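Trainee: This is the structure alone, sequence omitted:
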């Protein structure tokens, strides 16, 4: 992340503290390892002082922890994620995204279980936002239910992607969205999964990428995007350090068990499942 993105992240981290009491602020600062930056004063003065004092190098770690511990709203979490992901890959260019969308059939990707599809897109996009285009006061969620589920044929996949702002989304978000689109979270039909994968791969090939089988879930194949010709293994543990670098020991290789010998209070260890790029979907 460059300096401009880090400062944008610093600004975004103010919002989650806006309505906290003094007691809640103290508890959050302690959980995030920020008590050393706290000052006496009003709630606003305390938050402003802490946010200003955080070293830029610590901001990504703090942002990740706030999302892991559900300290941010879904909408704010998406904005924070997009800032953290700025400039990262795998790169899927806009032309690929648009031609891919044109090749997909809206009824095919939605399937029979509309709630599964709605839950999936809700993990990656803010469906409860209002937009200037929605002059009738409906949220994007309500629009999808109306035009994709109830009145089939109103929206194409391309139009849905436009409303989601998928064509402009950071690469990791779009890639994760495609992976979920063909996953058992949405598609409980292996032949259909493979048909969708083939259609998507015909276009990802332009960017030297492909959805490749990478394990199973509930008996169905799981697909991950990776560079063609490159093996991919998901990270098992992510460690975020703050001002002081933690002294880490690998105490058990088979169990992937880490031990922090020193400076453990200044580190965040995340060992829940992520994808191979270390991406975490917001709940």
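Mentor: The structure has been received and is ready for your questions. Just so you know, these numbers come straight off a predicted model, no measurement behind them.
Trainee: Output the below-cut-off pLDDT ranges for the stretch 151-283 of the chain.
Mentor: Where the stretch 151-283 of the chain drops to pLDDT under 70, the residues are 229-244, 249-258, 261-283.
Trainee: For it, which segments count as strands?
Mentor: Counting by DSSP state E, counting those that start in this stretch, one finds strands in the stretch 151-283 of the chain at the ranges 209-217, 220-227, 238-241, 247-252, 257-262, 267-270.
Trainee: Run the angle between the longest helix seen in the chain and strand 220-227 for me.
Mentor: Longest helix in the chain by number of residues (criterion: DSSP state H): helix 190-204. Angle, helix 190-204 to strand 220-227, by axes from the mean of the first three to the mean of the last three Cα atoms, to 10 degrees: 10 degrees.
Trainee: helices or strands next to helix 190-204 in the packing?
Mentor: helix 94-103, helix 106-110, helix 171-181, strand 209-217, strand 220-227 (3 or more Cβ pairs under 8 Å, 6 or more residues apart in numbering; DSSP states H and E). Yep, even glycine has a C-beta here, placed from its N, CA and C like the rest.
Trainee: buried ones in the last one?
Mentor: Residues of strand 220-227 classed as buried under the neighbour-count rule (16 or more other Cβ atoms under 10 Å) are 221, 222, 223, 224, 225, 226.
Trainee: Any idea how many residues pack against residue 174?
Mentor: When neighbours are counted by other Cβ atoms under 10 Å, residue 174 registers 24.
Trainee: Ignore what I typed, I meant residue 199.
Mentor: Neighbour count for residue 199, taken as other Cβ under 10 Å: 18.
Trainee: Burial check on the residue nearest to it when sequence neighbours are not counted, number of neighbours?
Mentor: In space, and not counting its chain neighbours, residue 199 is closest to residue 103: 5.4 Å by Cβ to Cβ, 6 or more residues apart in numbering. Per other Cβ under 10 Å, the neighbour tally for residue 103 reads 13.
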